[in-house]
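**Q** let's see this in three dimensions:
(one chain, ligands or ions: 1)
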Amino acid sequence: MTFADQPFNLKKGYNSYKNSLKLQEYLSWCEEWITEMVRITKPTGSIFLHNIPKWLTYYAAFLNKQADFKHWISWDAPTAPMGKSLQPGHYGILFYAKDSKQLKYYEIRHPHKRTRKTHILAKDYGGKKGLLHPYGPLVSDVWTDIHRIKHNKFRDEHPCQLPIHLLERVILMSSNEGDIILDPFNGTGTTALAAKRLGRQYIGFDLDKEYVKITQQKLEYEQPISKIGDRWVSFYLDEVVTLRNNDWTYLKDFYYIPNNPEEIDTTPIVLHNCR
Ligand SMILES: C[S@@+](CC[C@H](N)C(=O)[O-])C[C@H]1O[C@@H](n2cnc3c(N)ncnc32)[C@H](O)[C@@H]1O
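**A** A predicted model of the protein is given here:
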């Protein structure tokens, strides 16, 4: 699997390169590395590109010539105002298969939205709560449950660090234990860290030696621990935020599930005995 969160060409405060190439120069450069990314992805592999919609429209045109479109994932996260425009409210993640006939892909689920204090279901579901999956719905192509890193205490000295559970979600849906995950714009190593936590191998590049050093230091302390029993899952603050659909039969034994499905909104599904 290959994932790229390339520089936006928006004059952000990166350390060591000029982030203001002229449009054509920037786009030719992008086409070059996107072509290389597709070339080195295995036939069963996926290619993901994260960016603001404006740049993704160009990247999709490059990718359509050499890979198979799967999804435009809309990640609900506020982005910088552009002036005289709608307030930008999402980043896009382009998801392409190197070859859709051979693609390795797993359906994934995220937990039901619950109220913070009482932990009851946040939506009414029109009297159909009994039909709900006990853990949560299948993940769609609109992601509203993962937030950007806001607090400085959770971020490195980097202007665009992504949340680790965003990468874990992408990795869980497209790869298996031991597979190789590559990120050509490593930053401070979110992709590599997510890969290591999930028992995958990883490769990352960054022009900036300081970012590479930060990544190496963080990787030293990271372990392949993101599991319940022998199944890989993604955690955020001790709650499982992504799991694979086909792991649920195994994982449900680690949850308390009430007998009466109507109770589902008053009894939290309690995660216990994991990790
Ligand atoms: C948007 S950031 C990636 C942030 C990363 N996803 C994270 O969560 O930490 C883009 C990174 O690409 C690096 N970069 C820019 N041009 C590059 C190039 N030609 N080769 C490798 N890295 C480059 C920058 O130093 C920056 O760290």
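**Q** what residues of the helix or strand where residue 38 lies count as buried?
**A** In this assignment (DSSP states H and E), residue 38 forms part of helix 23-40. Going by neighbour count (16 or more other Cβ atoms under 10 Å), the buried part of helix 23-40 is 26-27, 30-31, 34, 37-38. C-beta: built from backbone N, CA, C; applies to glycine.
**Q** helix, strand or coil for the spatially closest residue to residue 87 that is not a sequence neighbour?
**A** Closest residue in space to residue 87, ignoring its immediate chain neighbours: residue 81 at 6.3 Å, by Cβ to Cβ, 6 or more residues apart in numbering. State at residue 81, reduced to three classes by DSSP: H, G, I helix; E, B strand; the rest coil: coil.
**Q** residue 81 reaches residue 52, doesn't it?
**A** No: applying Cβ atoms under 8 Å as the test, residue 81 and residue 52 come out as separate, 11.8 Å apart.
**Q** what sits in contact with each of these two?
**A** Common contacts of residue 81 and residue 52 (Cβ atoms under 8 Å, 6 or more residues apart in numbering): residue 88.
**Q** out of the two, which sits in the more crowded spot?
**A** The neighbour comparison of residue 81 against residue 52 (other Cβ atoms under 10 Å) goes to residue 52, with 16 against 10.
**Q** dihedrals phi and psi, the more buried one?
**A** Backbone torsions of residue 52, given as degrees, to the nearest 10, read phi -80, psi 150.
**Q** tell me who's in contact with it.
**A** Contacts of residue 52 were listed using Cβ under 8 Å, 6+ apart, and they are 8, 79, 88, 91-92.
**Q** pull out the buried residues from these.
**A** Applying 16+ other Cβ under 10 Å to the contacts of residue 52, the neighbour count classes 8, 79, 91-92 as buried.
**Q** of those, which is the nearest to residue 100?
**A** Nearest to residue 100 out of the buried ones among the contacts of residue 52 is residue 92 (Cβ to Cβ; 19.4 Å).
**Q** surely residue 210 is within a strand?
**A** No: counting by three-state DSSP, residue 210 is not part of a strand but helix.
**Q** so residue 225 makes contact with residue 198?
**A** No: the criterion here is Cβ under 8 Å, and residue 225 misses it with residue 198 at 9.4 Å.
**Q** look at those two and report which has more neighbours.
**A** More crowded of residue 225 and residue 198, by other Cβ under 10 Å: residue 198, with 24 against 12.
**Q** touching, that one and residue 171? I think so.
**A** Yes: if you go by Cβ under 8 Å, residue 198 and residue 171 touch, sitting 5.4 Å apart.
**Q** interface residues of the stretch 101-250 of the chain facing the ligand?
**A** Listed as neighbours of the ligand in the stretch 101-250 of the chain under the rule Cβ under 6 Å from any ligand atom: 158, 160-162, 184-185, 187-188, 190, 205-208, 211.
**Q** where do the helices of the stretch 151-275 of the chain begin and end?
**A** Using DSSP state H, counting those that start in this stretch, the helices of the stretch 151-275 of the chain run over 164-174, 190-197, 209-221, 248-251.
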